[in-house]
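> what follows is a protein structure lacking sequence information:
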């Protein structure tokens, strides 16, 4: 026989489960909306930026993607690392000391550039980025060779340059 106390407890458990199901449903909708929005933005890009956007999403070497244009303002003869981020973005703040270290350690061998896309939103469009931070690797002739989204450690950056055949 059921006691009077068990009914309220059972209804509380059911309402608790209902809340959990509602939260999961909301999360699924939010992820779906994010994916839809991101895919829609990628398809709205101009043809010259579409390959760049695909490269940043796939995180593949350029040899496996469409050819890219030359880096703007490249110093002749130096490979260039362009980090597109913002001074108030947490992963971007984590990248700042790494970029400074690379700039000092490899002065004369590597050009390191940081662009704050929150202060210069046109730069984000020019480079076709979707997410910050984004690191773009250019060879000495100014051709884009690789692109990465998110935090990238110094070790990973140096390993990527080595993989690309750049000796620093």
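Great, that's in hand. Everything numeric here is computed off the predicted structure, so don't read it as measured data. Residues are numbered from 1 along each chain as shown.
> in the sheet, who's paired with the residue nearest to residue 78 when sequence neighbours are not counted?
Leaving aside its chain neighbours, residue 78 sits nearest to residue 111 (4.7 Å; criterion: Cβ to Cβ, 6 or more residues apart in numbering). For glycine as for every other residue, the C-beta is placed from the backbone atoms N, C-alpha and C. Residue 111 has these beta-bridge partners by DSSP bridges: residue 80.
> cool, and the one 5 residues further on?
As for beta bridges, residue 116 partners with residue 85 under DSSP bridges.
> helices and strands around the host helix or strand of residue 104, which ones?
Using DSSP states H and E, residue 104 sits in helix 90-105. If you count contacts as 3 or more Cβ pairs under 8 Å, 6 or more residues apart in numbering; DSSP states H and E, helix 90-105 packs onto strand 80-85, strand 111-116, helix 154-163.
> what segments of this protein are strands?
With strands called from DSSP state E, the chain shows them at 80-85, 111-116, 134-138, 144-149.
> mean neighbour count and distance to residue 26 for the ones you listed - can I get that in a markdown table?
What follows is these, written out as a markdown table (neighbours: other Cβ atoms under 10 Å; distance: least, Cβ to Cβ, whole Å):
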| stretch | mean neighbour count | distance to residue 26 |
| --- | --- | --- |
| strand 80-85 | 23 | 30 |
| strand 111-116 | 19 | 33 |
| strand 134-138 | 24 | 29 |
| strand 144-149 | 21 | 26 |
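> residue 132 is nearest to which of the helices and strands packed on helix 90-105?
strand 80-85 (4.5 Å; Cβ to Cβ).
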